[in-house]
Structures are given as structure tokens and as C-alpha cells.
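**Q** structure of the sequence below:
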Amino acid sequence: MRILILCTHNSARSQMAEGWTRHFAAQYALKADIFSAGTEATFVKPQALEVMGEVGIDLSGHSSKTLFDVPDPWNFDYVITVCDSAAEACPVYPAQTVKLHYPFTDPSGGDLERWRTVRDQLGRQFEAFVLALSSGKTVPPTYADSPAVSVRV
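**A** As a prediction, the model looks like this:
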């Protein structure tokens, strides 16, 4: 299974979502190749590194990249956009690719509490997503449809 998480700059939300998805895939024994990318590349924001580090997820090896920097960019089972801009700019994928849109507030420019709030929202969403995949259930179609799950690290 291949999963791609898209955002505009691949600097914050998509990076944190990739970290959470990898974490929960390991926790729930989901075999998946997990990537994140942006419609343009910049850099991974230090606040993303910091708040994810607080929950034991290390993003220090991550780099910002575009879709074309990802191996086999047109072959994904799931493509998830985490911001409205990326959802609008997301390319058309083959019919077998499931496209989901889980929009989250951009924490950029906010204090660390704002970053932590978005981190925790992403954690709940992507735990629900991975848990559904690993148990053969339907994945949450939207952010609002995600069941409440506790973020465990």
C-alpha cells in the first residue's frame, strides 16, 4: 500500500501527518510506503520538528519536496490533501487512487500552542485513518467524520 500526503509547501502539516502516519502504521502493523510532498518545496519548519519531538516523533530526517521528488508519483492507493490550496492543485490520479481531503489550519505564524493543537488534530485524524486501514474498515472520508481516538505515542 502506498500513501501520499499533500500540502502546499510540505513544511508543516503534511510533514507532521507523514510522521503520525508512519508512527501509527508501525503501531498497528500496517505495511505501507508513506510519503509527503507539496505543490512547491521549501523547508521543514522548526516548529514542526519541535512539537513532533515533544510526542516522540523525530522529523529531523525529513525534507520538503514536491510530488516529482517522490518515487513513482502517480502510483498511490491513497492521496490525502491537508490544506485547501493543495486540494485545488492536486493532480488527477488514476481511478483506483482514493483521494481524501482532511483540511487543517495552518499553524505557521502561530505560537507553539497553535502548533500543538494542529499536531494533536493531525494525530487523531491519521490514527483513525491508519486504524481503519489496518482493521479493514472504511477510512474516514473527511476530517469531520473521524471518530474520536486518543493520540498514543
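**Q** going forward, measure contacts between C-alpha atoms and count neighbours the same way
**A** Will do.
**Q** where in the chain is pLDDT low?
**A** 85-95, 144-153 (pLDDT under 70).
**Q** can you count the residues close to Arg22?
**A** Residues near Arg22, counting by other Cα atoms under 10 Å, number 21.
**Q** helix or strand for the nearest residue to it once chain neighbours are set aside, which one?
**A** Leaving aside its sequence neighbours, Arg22 sits nearest to Ile34 (Cα to Cα, 6 or more residues apart in numbering; 6.6 Å). Using DSSP states H and E, Ile34 sits in strand 33-38.
**Q** how about Val79?
**A** strand 78-81.
**Q** tell me what that strand is packed against?
**A** When contacts are defined as 3 or more Cα pairs under 8 Å, 6 or more residues apart in numbering; DSSP states H and E, strand 78-81 packs onto strand 2-7, strand 98-101.
**Q** helix, strand or coil for Glu50?
**A** helix (DSSP: H, G, I helix; E, B strand; the rest coil).
**Q** how much space between it and Ser14?
**A** Using Cα to Cα, to the nearest Å, we find Glu50 at a distance of 15 Å from Ser14.
**Q** more neighbours: those two, which one.
**A** Set side by side, Glu50 and Ser14 show more neighbours around Ser14, with 29 against 18, by other Cα under 10 Å.
**Q** how close does the more buried one sit to Ala48?
**A** 10 Å.
**Q** my guess is Arg22 contacts Lys31. True?
**A** No. With contact defined as Cα atoms under 8 Å, Arg22 does not count as touching Lys31 (9.7 Å).
**Q** which ones are touching Thr66?
**A** Asn10, Ala37, Gly38, Thr39, Glu40, Ala41 (Cα atoms under 8 Å, 6 or more residues apart in numbering).
**Q** tell me how far it lies from Ala17.
**A** The value you get for Thr66 to Ala17, if Cα to Cα is used, is 16 Å.
**Q** same question, Ser60
**A** 14 Å.
**Q** kindly report the same for Asn75.
**A** 19 Å.
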